[in-house]
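Trainee: let's see this in three dimensions:
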Amino acid sequence: MSYLFINNQEIKNDIGNPIPVTISGDVGELHSINNHALASHRGWVMDDTMRPMISIRINPTGTSSNNLMKIIEYELGNNNAAQSTIMYEWYEGDLTISGATIPGWTNINSSSYAQYRIYQDQYSTNVGNTFTIPNGTIMRHSGLIIGKNVQGDEIDKPLTGGIDGKMLTLCLKRLDNATELDLWFAITIKELL
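Mentor: Numbering: from 1, shown residues only. A predicted model of the protein is given here:
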């Protein structure tokens, strides 16, 4: 339990007892990833097919269900001013990925147990990835970008580590037409302690 202090003086109630303060919120390490430096002068190129963009998970090796991680903020933006409509969906669980070669997992940093992978986009002659949703995979959040960008809420359900841990995958597509469009993302996660 914590107690309230102001100017190094403990604050007490009118009968002389210290006032307890409860601090809410998840405690943990923050990490961030984005795609601004993956390609020169372009983002992740999307079209009018729903495609996986990025997956995030806790490395199942050396972790257990006690290792937890949450997405506490994400932002998605494009370069098309107010002239585009994009649907995005966050899935928890495995997706059946097809199309281009599935990329390997990358550690967010050397001290982190969080990992991510960015799927191939539709740039130039790229094949791009597509997916199907197997039983047991759940859409946890969805939204629209109308115009230039969106700042998303946190995804409140934490991911767990270990052999039974799941991943979150961001999938998206353009709704208003088939013209290819660059998209950038910034995601902040918290590894919960």
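
Trainee: how many neighbours does L159 have?
Mentor: The number of residues packed near L159 is 22, by other Cβ atoms under 10 Å. (C-beta placed from N, C-alpha, C; glycine too.)

Trainee: spit out the contact partners of it.
Mentor: With contacts taken as Cβ atoms under 8 Å, 6 or more residues apart in numbering, L159 has the following neighbours: I56, R57, I58, L68, M69, K70, E92, G165, K166, M167, L168.

Trainee: can you give me phi and psi for the third one?
Mentor: Note on I58: its backbone torsions stand at phi -100, psi 130 [degrees, to the nearest 10].

Trainee: residues contacting it?
Mentor: Taking Cβ under 8 Å, 6+ apart, we find I58 in contact with N67, L68, M69, Y113, A114, Q115, L159, T160, G161, G162, G165.

Trainee: how about a cut-off of 6 Å?
Mentor: Remark: with contacts taken as Cβ atoms under 6 Å, 6 or more residues apart in numbering, I58 is in contact with N67, M69, Y113, L159, G161, G165.

Trainee: nearest to R174 among the residues you listed?
Mentor: Minimum separation from R174 among the contacts of I58 (Cβ to Cβ) is found for L159, which lies at 27.8 Å.

Trainee: let's see the pLDDT reported for that closest one.
Mentor: Note for L159: predicted pLDDT of 93.

Trainee: quick check: which element contains it?
Mentor: Using DSSP states H and E, L159 falls within strand 155-160.

Trainee: buried residues, that strand. List them.
Mentor: Residues of strand 155-160 classed as buried by neighbour count (16 or more other Cβ atoms under 10 Å): I155, P158, L159, T160.
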